[in-house]
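Novice: Provided below are the primary sequence and the corresponding predicted coordinates.
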Amino acid sequence: MRRSLITAAFFFAFGAAAAAQSTQSFDRIERGRYLAVLSDCAACHTAPGGKPFAGGLVLQTPFGNLITPNITSDRETGIGDWTDAEFVAALHDGRGHDGKRLYPAMPYPAYTKLSDDDVLAMRAYFKTVAPVSNKVVSNQLPFPLNIREAMVFWNWLNFTPGRYEFKSGKSAEWNRGAYIVEGAGHCGTCHTPKTALGADKSDTPLAGTTLQGWFAPNITTDAHKGIGGWSKDDLVQYLKTGTNRWTLASGPMAEAVSHSTSQMTDADVAAIATYLKDSGAGGSGAKPTPVATDDAAMKAGGAIYKDNCSACHKDSGEGEAHLFPRLAGSALVQSDDPTTLARVVLHGTRAVSTASMPTAPAMPAFDWRLNDRQVGAVLTYIRNSWGNAASAVPADTIASQRISLAKAP
Amino acid sequence: MARKLPPKDVVIIGLGWTGSILAYELAKTGLDVVAIERGPWRDTVTDFPPAYAQDELRYAVRLDLFLRAGQETLTFRNNAGQTALPIRNFSGFLPGNGVGGAGVHWNGQTWRFLPTDFKLRSHLEERYGKDALPADMTIQDWPVSYDELEPYYDRFEKLCGTSGKAGNIRGAKQAGGNPFEGWRSSEYPTPPLKQGLGATLFAEAARKTGHTPFPQPASNLSEAYTNPLGVKLGQCTYCGFCERFGCGNYAKSSPQTCVLPALMRFPNFSAQTESEVVRINLDSTGKRATGVTYVDTSGEEWEQPADMVLLCAFSLFNVQLMLVSGIGKAYDPQTGQGVVGRNYAYQTTSSVSLILKDKILNPFIATGAHGMIVDDYNGDNFDHSGLGFVGGGYMGAGQTGARPIQTRPVPKGTPKWGAQWKKATAETYQKAFSLSTHGSSYSYKDCYLDLDPTYKDRLGRPLMRMTFDFHDNELKMSAYLTERLAEIAKAMDPAEMTPNPRKGPYNSTIYQTTHNTGGTVMGADPANSVVNRYCQSWDVHNVFVPGGASVFPQNHGYNPTDTVGALAYWTADAIKDRYLKNPGPLG
């Protein structure tokens, strides 16, 4: 074992040296392109309807808005005049051109785990991306957050630079999965709860959190709130096609599936699934006592469900695989935070379309039809029927969600 | 002056069933395809959410999804002796509008024509003699046989996920299916729908009277299904709101549920909605189309050049566009010369209404194609010797819903309003049931479409004029079918029974069906057809009419959509396998 690791390390170093000499080789550029897919650069750096990687997407953060920069090879408005070292520093240390501090909306706390060689391969690819002249003023934050030097303190408190370290005792596949989940794929950027300063809470990785009006679900092995009930195949199918027997991807995850996970190799998707099923995060979330069936909200919710929901999601809450998400036994339905549930009932949503699962079925909006109490009641009902158990959803939760959604772009 | 757009390989007029099928098949080959649709974009669930799509007032009474006469209409008369007047509110038939076209609001009844229907004239003349057909009847053989179309029927049914029970698989009769149907290469994609009590009682009575009932083939799906395009459909909830409605739970096949999710993924396909094609443009020789001119909602004219033009509008408007564009010679009923507008036909329907004794039928549990059917009296499935007519139709318990505004059955003698009427509707609703016949409409010299000499549309084009009436042959057929249906109904032991055979003259203000056929008929001879056997214009080789019901030489005793879909696939293959390799006349 030890011998093979040394051999692997030798070849790795040799390969890196050889590749470094030919940054224009097809293999290297292609590897960089694939790493840009794994890292889902397009999700933030390509605006809807915009040119690839020309930036301009508005990122809503709890601290204010950031506009994503242009990372095409344009010398004036893109990153065409950056040195390789600056590109590496941006991903590894959150330092941009001329040492300018980046905000951690750029997931350098995750990308810091990427190997030098992978980052340089991405650099080789981005050099080939067609230049687009699109000047973006990224920093739209209020004072004092608009002072980039403030990030020195943020980094000091929250940021641990360092490459991914191979975990011995785990398989190569597990390690590859960890490298993608923790590094390139930066899953925790959305799925890990945040501190008041917006940093990952290191003690609860991947346990789910709210951003941009969506609850990014718990993707730990927790059997009740996480993906403990999903098989490895369920995970693979979800990442590859955007849907599985439980649910369909929509919202920000639809974009992640569309731009990134559906484009990954089968081996990498399998590696992610292997790691997530054995990430060590999660454990045994206690299942709460369900709200009693004779509760007034449960009774009203049952009637509302019958009239508005059952035609698709069925009386049994089973839905229809790849068409109508299954509510019975769904972890997302039973999550502590009902933000996504309230959102899809109020505004509706559309599932992702992928080559193998093109349907992209949608959930219609009910904000015009159901009042806050009714939405709360029907959510309380689906969270506490068919064996589900979760807290009731009060009307004022829906009321505040309605207000924040009205402000959303 | 129209502004000229960059040219496309293919321009498709109308994005309904045929338009979406051709767009998918041709975009898949890499061609640059644009579809121009005069109505709005329509999406399965966001336009028809199951929570409110079952709105009878909005959709069935106020006809929300349909073409408004203010946008386009036609004039109507029963015969050449009358002056045609514009239809100012569609009611006798309801052309669709918007993405999905009539495929949005259809009932889902998915029938193949009989093998003998495709060689109608030669078959009837052979069996009954040349004199058996009326002199003014202009029926003709199709230029394509059932055997040739079978694989394309199969493709369309697999696209839809049609529910049913085969009666004939490659010549082997199958118990439980239609014993009269042509051979099928495979069983239906999904099993038959469950039947309600009314249909079950009808089937018992039909068996008792020596008939062979079977479940109606339905593109309202009995179970979830994934079609060959990878698109997923859901299970029907039997809500009873199909005809005139969109289906929001992905259970009724439509262009948006079956094709558009896959089609919209092609970057070489685009759709231009709310834009009406004014005419097809021809070059100076008149033998080649150069594209189309359309007008947007601001009245702005745009020229869309294209190498091929596919006419995929509703059948009546395919005919109008051919006429106003000067493609092919307009039909003249006096001389019998010319072909565009010739052989307009319809459908001859009738009913038997019943009130049963002591039954709770729950007739609201329904689908658009729900029911048990008897096909013994369709086409030439029975001996017409001595009957004095040709043709026929299917009959059965195909009730498509019992919605509260328009379903108010009452016993004979009940007042038409007031307390007694209310009481009677409440007492009768659960016991009343309607049986129907769905019969052929053969073509005649004096039933045709042409351009109206007086009235113009909002774009300044002459309105199309429809001249149509029922002929004795069809009325006799309807009387015969209705009598046979009444015999079966009698075996259901009803408390009250009212046969309503079709009576003339044709009334364009009372809804019968939207199965308007003919006018750009397909045939083997340019003297009696507008398009050849590949649905290609005889006169302008880069114009196709890929399977709209306007290509039917006459109408048979079944609903048209399955044949429309089959012809769309048939034409798509002809274009891909033959025309693209060597553009020119295929006939």
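Specialist: Done, it's in. Numbers count the residues shown, from 1 in each chain, chains lettered A, B, ... in the order given.
Novice: what number of residues are in the vicinity of the residue lying closest to B:Gly171 once chain neighbours are set aside?
Specialist: Spatial nearest neighbour of B:Gly171, excluding adjacent residues (Cβ to Cβ, 6 or more residues apart in numbering or on different chains): B:Trp183 at 5.4 Å. For the C-beta atoms, the positions are set from N, CA and C on the backbone; glycine is no exception. Burial measure for B:Trp183: 16 neighbouring residues, criterion other Cβ atoms under 10 Å in any protein chain shown.
Novice: test my guess that B:Trp183 contacts B:Leu149.
Specialist: No - counting by Cβ atoms under 8 Å, B:Trp183 sits too far from B:Leu149 to count as a contact (11.6 Å).
Novice: chain A contacts on the stretch 1-150 of chain B?
Specialist: B:43-46, B:49-52 (Cβ under 8 Å from any Cβ of the partner chain).
Novice: at 7 Å instead, please
Specialist: Taking Cβ under 7 Å from any Cβ of the partner chain as the contact definition, the stretch 1-150 of chain B meets chain A at B:45-46, B:49-51.
Novice: got a pLDDT number for whichever residue of the stretch 401-550 of chain B sits closest to chain A?
Specialist: The stretch 401-550 of chain B approaches chain A most closely through B:Gly401 (15.0 Å), counting by Cβ to the nearest Cβ. Looking at B:Gly401, its pLDDT is 88.
Novice: in what helix or strand does it lie?
Specialist: Using DSSP states H and E, B:Gly401 is not contained in any helix or strand.
Novice: grab the nearest non-local neighbour of it.
Specialist: B:Gly401 sits nearest to B:Gly240 (Cβ to Cβ, 6+ apart), 3.3 Å away.
Novice: same question, A:Ser22
Specialist: Distance criterion Cβ to Cβ, 6+ apart; nearest residue to A:Ser22, sequence neighbours excluded, is A:Arg28 at 6.6 Å.
Novice: which PyMOL command selects the buried ones in the residues of the stretch 1-150 of chain B next to chain A?
Specialist: Applying 16 or more other Cβ atoms under 10 Å in any protein chain shown to the residues of the stretch 1-150 of chain B next to chain A leaves a buried subset, and the PyMOL line that selects it is:
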select buried, chain B and resi 45+49+50+51
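Novice: where's the dip in pLDDT among the residues of the stretch 1-150 of chain B next to chain A?
Specialist: B:Ala51 (83).
Novice: surely that one and A:Asn308 touch.
Specialist: Yes - B:Ala51 is within contact range of A:Asn308, at 4.4 Å (criterion: Cβ atoms under 7 Å).
Novice: and the strands in the stretch 1-150 of chain B, which stretches?
Specialist: B:3-4, B:8-13, B:33-36, B:74-77, B:85-86 (DSSP state E, counting those that start in this stretch).
Novice: no wait, chain A
Specialist: Taking DSSP state E as the test, the strands found in chain A are A:58-61, A:64-67, A:139-140, A:209-211, A:214-216, A:349-350, A:362-363.
Novice: which elements pack onto the second one?
Specialist: Packing partners of strand A:64-67 (3 or more Cβ pairs under 7 Å, 6 or more residues apart in numbering or on different chains; DSSP states H and E): strand A:58-61, strand A:139-140.
Novice: circling back to that earlier point, ok, which of the strands of chain A comes nearest B:Cys447?
Specialist: strand A:362-363 (44.1 Å; Cβ to Cβ).
Novice: which residues touch B:Glu37?
Specialist: B:14-15, B:98-99, B:271-273, B:275 (Cβ atoms under 7 Å, 6 or more residues apart in numbering or on different chains).
Novice: give me that answer again for 10 Å
Specialist: B:12-16, B:19, B:97-101, B:271-277, B:294, B:312-313 (Cβ atoms under 10 Å, 6 or more residues apart in numbering or on different chains).
Novice: whichever of these end up buried, select them in PyMOL.
Specialist: Here is the PyMOL selection string for the buried members of the contacts of B:Glu37, based on 16+ other Cβ under 10 Å:
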select buried, chain B and resi 12+13+14+15+16+19+97+98+99+100+101+271+272+273+275+276+277+294+312+313
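Novice: filter the contacts of B:Glu37 down to the ones in helices?
Specialist: B:Gly19 (DSSP state H).
Novice: rewinding a little: mutual contacts of B:Ala51 and A:Asn308, please.
Specialist: Listed contacts common to B:Ala51 and A:Asn308 are A:364, A:366, A:369-370; contacts here mean Cβ under 10 Å, 6+ apart.
Novice: can you tell me which of those residues lies nearest to A:Leu248?
Specialist: Of all these, A:Leu248 sits closest to A:Pro364, with 14.6 Å by Cβ to Cβ.
Novice: distance of that closest one from chain B?
Specialist: Distance from A:Pro364 to chain B, counting by Cβ to the nearest Cβ, to the nearest Å: 4 Å.
Novice: what is the neighbour count of that residue?
Specialist: Residues lying near A:Pro364 (other Cβ under 10 Å) number 24.
Novice: who in the stretch 251-400 of chain A is up against chain B?
Specialist: Residues of the stretch 251-400 of chain A lying near chain B by Cβ under 10 Å from any Cβ of the partner chain: A:304, A:307-314, A:319-324, A:348, A:350, A:353-366, A:368-370.
Novice: reformat the shared contacts of B:Ala51 and A:Asn308 as a markdown table; add pLDDT.
Specialist: Formatted as a markdown table, the shared contacts of B:Ala51 and A:Asn308 follow (pLDDT from 0 to 100):
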| residue | pLDDT |
| --- | --- |
| A:Pro364 | 94 |
| A:Phe366 | 96 |
| A:Arg369 | 94 |
| A:Leu370 | 97 |
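Novice: reformat the residues you listed as CSV; add distance to A:Glu165.
Specialist: Below are the shared contacts of B:Ala51 and A:Asn308 laid out as CSV (distance: Cβ to Cβ, whole Å):
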residue, distance to A:Glu165
A:Pro364, 48
A:Phe366, 48
A:Arg369, 53
A:Leu370, 51
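Novice: pull the most distant pair out of the residues you listed.
Specialist: Checking those with Cβ to Cβ, the most distant pair is A:Pro364 and A:Leu370, at 11.5 Å.
Novice: quick check: neighbours shared by those two?
Specialist: The contact sets of A:Pro364 and A:Leu370 overlap at A:308, A:345, B:51 (Cβ under 10 Å, 6+ apart).
Novice: as PDB, could you dump the C-alpha coordinates of stretch A:267-285?
Specialist: Taking Å, rounded to 0.1, in the frame of the first residue of the first chain, the C-alpha atoms of stretch A:267-285 are listed here in PDB:
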ATOM      1  CA  ALA A 267     -16.900   7.600 -11.900                       C
ATOM      2  CA  ASP A 268     -16.900  11.000 -10.300                       C
ATOM      3  CA  VAL A 269     -20.700  10.900  -9.600                       C
ATOM      4  CA  ALA A 270     -20.300   7.500  -8.000                       C
ATOM      5  CA  ALA A 271     -17.400   8.800  -5.900                       C
ATOM      6  CA  ILE A 272     -19.500  11.700  -4.600                       C
ATOM      7  CA  ALA A 273     -22.200   9.200  -3.700                       C
ATOM      8  CA  THR A 274     -19.800   7.000  -2.000                       C
ATOM      9  CA  TYR A 275     -18.400   9.800   0.100                       C
ATOM     10  CA  LEU A 276     -21.800  11.300   1.000                       C
ATOM     11  CA  LYS A 277     -23.100   8.000   2.100                       C
ATOM     12  CA  ASP A 278     -20.000   7.700   4.400                       C
ATOM     13  CA  SER A 279     -19.100  11.300   5.100                       C
ATOM     14  CA  GLY A 280     -19.300  10.900   8.900                       C
ATOM     15  CA  ALA A 281     -21.500  13.900   9.000                       C
ATOM     16  CA  GLY A 282     -25.000  13.600  10.300                       C
ATOM     17  CA  GLY A 283     -25.700  10.700  12.600                       C
ATOM     18  CA  SER A 284     -29.000  10.000  14.300                       C
ATOM     19  CA  GLY A 285     -31.400  12.900  14.200                       C
END
